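Undergrad: predicted structure and sequence below. I'll ask about it afterward.
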Amino acid sequence: MSAHLTKPPAATSRDTRRTAIKDAIDLTTPAAVAAVAAAGVSGMFDASTASAIGVGVGAAAGAGVGALMRRKTSPLSLLAPRPSPPQPRQVGHEIIEFLPLALFVLDARGRVLFANAAATSDFGKDLVGRHYSLILRAPSLVEAVARASMAGAGGDAGKRPAVEPGDGAAEAAFTVHRRHERHMLAYVRAAPPALDLPWRTDAGLGPELRRASVLIMVQDVTRARRAERLHRDFVANASHELKTPLASIAGFVETLRGPAKDDPPAHERFLAIIAEQAERMTQLVDDLLSLNRIELNEHVRPRDNVDLREVIANAMRAATPDAAAAEGRPICELALEPDLPLARGDDRELTRAFVNLISNALKYGGDGRRPRVSSARRSGARALVGVTVEDFGPGIPKDHIPRLGERFYRVEGGTTRGKSGTGLGLAIVKHVVVRHRGLLEIDSEVGRGSRFTVWLPEAPIPPSNSV
């Protein structure tokens, strides 16, 4: 009698995985752990003691498995590989992406290997693979990149010389003309050895590996250039405004000492001119000091509650010419609301601002009709109270309106000739409004007059004490 042994069918890989998973799960049950523990100590203790030890170990295992189940964690997850922490290069790449300045990495041929998010925002999309000169069109930049590329050249990575911080470093200024003119400053240097690694890019001919050669970091300096220009203009204009009355005073003093030395009528006439020019210089210095004081405190918001009806009354008294004050006649037509709410502001600064507006309305508003001062209210996200100073003069051309408020800016024309001023009145008004977190609206039409409206935040209503 022969016995035939039949070979069992080979288990598939799927069956093997299922059996392994089942066995692993079975081994984590309390009963299985108890049996294993009892078997392990059976040789050292008698049967009853070994069984008791197995039951205790099984209970402890059951408590542990129960805690895992309550956390909805599979026992097999403990065997899973832990995620590796971010590598230094990965962290550095993320930091570069969030830099506020545009950064370009170029290869030896000048093609862009990498451009961060700021570069994409400033110069457009699809920058990688393009030649830098097609993105940053500046002749001064070409020379700087060539110098940096030569400083960092040197064969393969193993033979490449170390690049010092100053090697090939250069700056290049250029202007970008898009929606607005923007002034840029590029910092160019050779790529350090730390960046001398293969960068994967797609230049349109399939994936390629290239090595970093030059770094370009671009900063938008438009605001700084504008501030420099304003500073230069301010110094030039202030010098001119001070030299003009000084020259007049010096000339008339010289005349009084010479040809008009014994001419009493000339004395009276020339002394009046000298006094007028001295007053103009005093007003100019006073306006400059006021403007400087307001700008120094521009970040500090006023906290007082101000009655705008009282502010307008004080401003009208200060702006009233001596002749009109002597006759007791009003210089403006008032149309203020009787229940005008309080505004949050500085009484002295607001009075100065409305003195300037009313004085300008009297000076340039024509001779036929008095200026009008009215009020309004605006609701919405912020409750605002407004005061409008309106004149009925020749008006202001619209191309001049955006520049009103610049220091020493004047609208030249036939109606303004012979009407002197410091050119700082509206600049003071603008900065007072900015400090008060308000709005200045200017509406003018040639031949019909101008309207200047100052909007200020309403003062908060104090809570009622009534129960």
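TA: Perfect, I can see it now.
Undergrad: okay, CA-based contacts and neighbour counts for the rest of this
TA: OK.
Undergrad: what packs against whichever helix or strand residue 217 is part of?
TA: For residue 217, the host element (DSSP states H and E) is strand 214-220. With contacts taken as 3 or more C-alpha pairs under 8 Å, 6 or more residues apart in numbering; DSSP states H and E, strand 214-220 sits against strand 102-106, helix 139-152, strand 181-190.
Undergrad: in its sheet, what does it sit against?
TA: Counting by DSSP bridges, the strands paired with strand 214-220 are strand 102-106 (antiparallel), strand 181-190 (antiparallel).
Undergrad: what angle separates the last one from helix 139-152?
TA: With axes from the mean of the first three to the mean of the last three C-alpha atoms, to 10 degrees as the criterion, the two stretches strand 181-190 and helix 139-152 enclose an angle of 10 degrees.
Undergrad: relative to residue 318, how far out is the nearest residue to residue 364 once chain neighbours are set aside?
TA: Of all residues not flanking residue 364 in the chain, residue 393 sits nearest, at 6.4 Å (C-alpha to C-alpha, 6 or more residues apart in numbering). Per C-alpha to C-alpha, to the nearest Å, residue 393 is found 22 Å from residue 318.
Undergrad: check residue 349 too.
TA: Residue 349 is 13 Å from residue 318, by C-alpha to C-alpha.
Undergrad: max-length helix in this protein?
TA: helix 222-257 (DSSP state H).
Undergrad: quick one on the thing from earlier: which residues touch the strand holding residue 217?
TA: With contact meaning C-alpha atoms under 8 Å, 6 or more residues apart in numbering, strand 214-220 is reached by 101-108, 145, 148-149, 152, 182-191.
Undergrad: mind running it again at 7 Å?
TA: Residues outside strand 214-220 that contact it (C-alpha atoms under 7 Å, 6 or more residues apart in numbering) are 101-107, 148-149, 183-191.
Undergrad: stretch 268-277 now?
TA: 245, 249, 252.
Undergrad: which ones are touching the first one?
TA: The reference is to residue 245. Contacts for residue 245 were tallied using C-alpha under 7 Å, 6+ apart; they are 277, 281.
Undergrad: for the last one, same thing?
TA: The neighbourhood of residue 252, defined by C-alpha under 7 Å, 6+ apart, consists of residue 270.
Undergrad: ok so, going back, and residue 393 and residue 318? which has more neighbours close in?
TA: Remark: of residue 393 and residue 318, residue 393 carries more neighbours, 25 against 18, as counted by other C-alpha atoms under 10 Å.
Undergrad: hang on, the more buried one is in a helix, isn't it?
TA: No. With DSSP: H, G, I helix; E, B strand; the rest coil as the criterion, residue 393 is assigned coil and is not in a helix.
Undergrad: change the start of the numbering to 26 and stick with it
TA: Fine by me, first position is 26 from now on; the one you just mentioned is residue 418.
Undergrad: against residue 462, how distant is it?
TA: From residue 418 to residue 462 the distance is 30 Å (C-alpha to C-alpha).
Undergrad: so where is the chain shaky, pLDDT-wise?
TA: Scanning the chain for pLDDT under 70 picks out the ranges 26-118, 177-193, 204, 218-235, 347-354, 391-392, 437-446, 487-492.
Undergrad: that one: helices as residue ranges?
TA: Under DSSP H, the chain gives helices at 38-52, 55-66, 72-95, 113-122, 142-148, 164-177, 247-282, 289-321, 333-344, 347-352, 372-389, 450-460.
Undergrad: in TSV: the helices and strands packed on strand 239-245, plus mean neighbour count and distance to residue 292.
TA: Listed next are those as TSV, based on neighbours: other C-alpha atoms under 10 Å; distance: least, C-alpha to C-alpha, whole Å:
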stretch	mean neighbour count	distance to residue 292
strand 127-131	24	68
helix 164-177	19	63
strand 206-215	20	55
